[in-house]
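In: For reference, the sequence and a predicted model appear below.
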Amino acid sequence: RAVLVVENLFTSTRLTSGGLDVMSVTDYLPYLPIRKWLPKYNVGTLRDDLIAGITVGLMVVPQSLAYASNIAGLRPEAGLYSSWAGIMIYMFLGTSKDVTLGPTAIMSKITAENAETGHFCASNSTGLPTNADDCERVTRNAVVLCLLGGTLNLIMGLLRLGFVIDFISYPVLTGFTTSAALTIAWGQVHSLLGLSSKIVRRQFQDSVHDVFANLHLVKYPDIIMGFVCILLTIACQKLKQKMDKKKKRNLIENVGWFVGAAGNFFVVLFGIFVVMGFSQNSSHVVCTKHLTKNCLTDEGTIPAGLKLSAPPSVTSKDVSNLAVGAVLVALIGYLESVAIASAFARNNGYQIDTTQELVAIGCSNIVSFFVGSFPVTGSFSRTAVNSATGVATPAAGLVTGSIVLISIQWLTPVMKYISKASLAAIIIVSVVKMFNYNMPIQLWKVSKIDLVPWALSFFGCTFLGIEYGVTAGAIANMLLLVYFQARPTHVVMWRDQKGTPRALNAIAEGSTGAVQNGNHDLVSKPSDTNASKTVVCKIGGSILYPVGGEWKKVLENALASCKCTAVVLDFTHVARIDYGGLTALKEAVEDCQRAGAVVHFAEMGYLVNEVLCRAEFWRKMNMSEASATQSVPEAIVAAEGDAMEAAPDSNDPSQPLLSRPPRSPSGGGNTFASSTDSGLIQ
């Protein structure tokens with residue numbers, strides 16, 4: 001794939017009917033989804049995009065401030081600078097009309113852990129960072145992480161490596177998101193209580209200790225503000241949900257829906273008015289002016305105006321230090337964004353290009369690096385609002401980005417009055433929905449083995465770090481995948497004297513060694529002495545080197561427990577065979593022949609048969625290649641016929657036992673077996 005990409009990029013001529021022709025400039029242009037919808041743009045779509053863009057813009061401003069300062073550990077303005085460039089670039093490259101890019105709780109959490117932000121950017125009594133040099137250093141790390149993650153996404157998109165995320169299973173992903181929800185929500189408790197971030201460490205177990213150890217320092221105005229804002233945020237969400245159920249809304253109901261959709265903005269606005277009231281009242285103070293137990297913690301000074309400085313230079317040391325974080329940003333960011341885009345595309349009746357989404361996310365992060373952004377990806381909450389407002393095209397992102405730029409340029413003087421408790425309330429309400437407490441219960445009921453990667457992911461991310469938890473969960477999941485591929489279920493079938501299909505080996509459909517038939521467990525009895533002397537071995541999967549020895553043992557055990565005269569190897573589920581598997585197959589056939597059993601093959605695929613032909617298997621084993629294409633019933637009849645020729649004193653030479661229709665056991669019909677021998681393999 002990489003070679004094809006390079007060849008396409010550097011090929012400068014093409015062959016036409018008139019000879020060689022120089023390629024036009026447009027042949028070099030990347031795929032731009034904007035070319036599909038821009039020619040159809042009209043006044044109606046402009047109206048829809050304006051409404052959606054303004055609504056999401058009012059939502060993203062308070063969210064970005066909260067994610068930057070309360071989760072990522074950066075200055076609040078870093079959230080604003082992360083909210084406009086990426087979403088504008090996505091307008092040109094993205095294939096989803098609904099997705100809105102920007103800071104998210106997950107990306108902020110990954111940034112905090114890998115950029116090692118700590119509390120260096122927390123505000124002091126003057127509203128400025130407590131340690132300006134360290135704050136500048138960790139902010140630089142976060143911005144470089146944005147570039148590295150975006151570059152990986154772009155490379156993955158160009159090489160079409162999106163399939164890599166398939167190795168992050170659903171249990172691993174839910175373990176990670178549940179851990180993130182828990183740690184992010186708990187990380188806001190100190191802000192709800194008015195505790196300084198300088199006395200509360202970021203690691204979950206350390207944070208729990210520090211919060212309880214400093215309960216004597218809580219500030220009651222912050223507690224009241226936080227819980228009131230939580231109630232207001234929940235009320236806004238309920239209002240929006242109620243309005244969503246109405247097919248037609250009047251003007252008042254539309255206003256109610258808008259208030260619910262932009263609830264975060266109005267909650268923060270409420271907090272601003274309260275903090276301004278505190279600052280004007282001599283009996284109450286804000287904590288940046290005078291630190292007391294009755295003060296109200298505000299956000300502090302935010303620089304006014306858009307200030308774009310030269311992007312930091314990236315060194316090899318940066319790459320080595322942030323490599324693990326960049327991989328997490330690339331994989332988790334892509335997984336989060338594509339999952340959101342796919343869900344809303346399915347609901348709204350259109351399709352997305354997942355490979356192009358990789359390119360779009362990568363380019364958005366790369367461009368965002370130049371404006372001082374930390375990593376961004378698709379946001380579920382903002383995408384849901386964007387879709388609900390009836391967004392028409394990705395151009396709504398241009399409106400949303402413009403709202404953010406207006407806020408940076410002219411509204412930052414007001415933002416210093418934002419209450420930290422109100423931002424913490426917004427985060428807690430938004431992430432609590434990610435806490436999937438029901439998942440381990442479902443895994444216990446459905447597939448207990450999947451609890452292993454879930455638990456490794458959840459506890460690893462919670463107590464050690466995201467990179468350790470996700471890596472441990474993914475490795476455990478791949479080991480389970482390899483194990484089950486190497487140990488598929490092989491079943492050796494036979495019929496007893498009543499015509500009942502049974503499984504000779506323990507790894508069969510019935511735990512008792514018999515095949516389940518309705519509500520009756522048909523168990524073999526020692527008195528079944530006149531049973532069929534032909535068995536069918538259903539190989540459970542491809543015969544690769546870890547599998548060959550294991551299925552051969554299953555067949556050997558069957559031969560030892562039943563003195564059969566004919567064996568049919570059912571290759572229905574065998575898609576591939578390698579050299580190790582070929583050797584095991586040869587040994588298995590030789591073992592059967594030494595035991596006096598005739599071997600026939602059935603339902604062998606072309607690719608498997610081709611390998612056997614290249615190895616001259618048929619000639620060396622003195623067997624007919626034509627047997628490979630038989631159906632199982634045909635192979636049974638042929639095998640029993642050959643066995644009877646080798647043993648003319650058979651009890652019923654006129655008709656092989658397994659070629660006769662099976663008889664139902666007394667007391668009920670045999671629903672497992674059909675009127676033909678195909679019932680043996682169903």
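Out: Received it, and whenever you're ready, just let me know what you need.

In: Next SSE downstream of the lowest-mean-pLDDT helix or strand in the chain?
Out: Ranking every helix and strand in the chain by mean pLDDT, DSSP states H and E puts strand 520-521 at the bottom, with a mean of 32. With elements assigned by DSSP states H and E, the helix or strand that comes after strand 520-521 is strand 534-538.

In: all strands of the protein, in order?
Out: Ranges of strands in the chain, per DSSP state E, are 13-16, 19-22, 101-102, 377-378, 491-495, 501-503, 516-517, 520-521, 534-538, 566-570, 598-602.

In: and those strands, which one is worst for confidence?
Out: Here the strands of the chain differ in mean pLDDT, and the lowest is strand 520-521 at a mean of 32.

In: and the lengthiest helix in the chain, which residues are buried?
Out: Secondary structure of the chain per DSSP state H: the longest helix is helix 316-348. For helix 316-348, the neighbour count (16 or more other C-beta atoms under 10 Å) marks 318, 321-322, 324-338, 340-345 as buried. Any C-beta I mention is one placed from the backbone N, CA and C, and that applies to glycine too.

In: That helix packs against which elements?
Out: helix 105-115, helix 132-158, helix 354-369, strand 377-378, helix 380-388, helix 466-486 (3 or more C-beta pairs under 8 Å, 6 or more residues apart in numbering; DSSP states H and E).

In: Return the distance of that helix from the chain's centre.
Out: 10 Å (C-alpha atoms, centre = their mean, to the nearest Å).

In: where does the chain dip in pLDDT?
Out: 1-30, 117-120, 122-131, 281-294, 494-532, 548, 562, 647-682 (pLDDT under 70).

In: The same query, at a cut-off of 80, please.
Out: Residues of the chain that meet the criterion pLDDT under 80 lie in 1-31, 116-133, 166, 278-295, 300, 489-533, 547-564, 627, 629, 645-682.

In: Next, the angle from the longest helix of the chain to helix 466-486.
Out: 60 degrees (axes from the mean of the first three to the mean of the last three C-alpha atoms, to 10 degrees).

In: do you know how far Ala66 is from Ser419?
Out: 11 Å (C-beta to C-beta, to the nearest Å).

In: okay, these two: which has more neighbours?
Out: Ala66 (31 against 28; other C-beta atoms under 10 Å).

In: got a list of what the more buried one touches?
Out: Shown in contact with Ala66 (C-beta atoms under 8 Å, 6 or more residues apart in numbering): 79, 423-424, 426-427.

In: ok, 6 Å please
Out: 423, 426-427 (C-beta atoms under 6 Å, 6 or more residues apart in numbering).

In: most surrounded residue in those residues?
Out: Most surrounded of the contacts of Ala66: other C-beta under 10 Å gives Leu423, at 30 neighbours.

In: Look up how far Lys416 lies from the residue nearest to that residue when sequence neighbours are not counted.
Out: Spatial nearest neighbour of Leu423, excluding adjacent residues (C-beta to C-beta, 6 or more residues apart in numbering): Ala66 at 3.8 Å. Distance of Ala66 to Lys416, given as C-beta to C-beta: 15 Å.

In: could the helices and strands packed on helix 316-348 be laid out in JSON lines, adding mean neighbour count and distance to Gly540?
Out: Shown next, in JSON lines, are the helices and strands packed on helix 316-348 (neighbours: other C-beta atoms under 10 Å; distance: least, C-beta to C-beta, whole Å):
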{"stretch": "helix 105-115", "mean neighbour count": "27", "distance to Gly540": "39"}
{"stretch": "helix 132-158", "mean neighbour count": "22", "distance to Gly540": "34"}
{"stretch": "helix 354-369", "mean neighbour count": "25", "distance to Gly540": "32"}
{"stretch": "strand 377-378", "mean neighbour count": "29", "distance to Gly540": "40"}
{"stretch": "helix 380-388", "mean neighbour count": "22", "distance to Gly540": "40"}
{"stretch": "helix 466-486", "mean neighbour count": "18", "distance to Gly540": "10"}
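
In: Turn the ones you listed into CSV, columns for distance to Ile302.
Out: Shown next, in CSV, are the helices and strands packed on helix 316-348 (distance: least, C-beta to C-beta, whole Å):
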stretch, distance to Ile302
helix 105-115, 17
helix 132-158, 14
helix 354-369, 19
strand 377-378, 24
helix 380-388, 21
helix 466-486, 28
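
In: Out of those, which is closest to Val589?
Out: Nearest to Val589 among the helices and strands packed on helix 316-348 is helix 466-486; the distance by C-beta to C-beta comes to 21.5 Å.

In: and that closest one, how far from the chain's centre?
Out: Using C-alpha atoms, centre = their mean, the offset of helix 466-486 from its chain centre is 14 Å.

In: Check what contacts it and list those residues.
Out: Residues contacting helix 466-486 (C-beta under 6 Å, 6+ apart): 110, 113, 168-169, 172, 175-176, 324, 328, 452-453, 456-457, 460-461, 546-547.

In: quick revisit: with distance to Cys146 added, can I get the contacts of Ala66 in CSV?
Out: Compiled in CSV, those are given as follows (distance: C-beta to C-beta, whole Å):
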residue, distance to Cys146
Leu423, 22
Ile426, 23
Ile427, 21
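
In: can you give me the helices in the stretch 1-150 of the chain?
Out: Assigned by DSSP state H, counting those that start in this stretch, the helices in the stretch 1-150 of the chain fall at 2-10, 34-37, 43-66, 76-81, 85-93, 105-115, 132-158.

In: In terms of secondary structure, what does the longest one contact?
Out: On a contact count with 3 or more C-beta pairs under 6 Å, 6 or more residues apart in numbering; DSSP states H and E, helix 132-158 meets helix 105-115, helix 316-348, helix 354-369.

In: Just want the angle from it to helix 354-369.
Out: Going by the same axes, to 10 degrees, helix 132-158 makes 150 degrees with helix 354-369.
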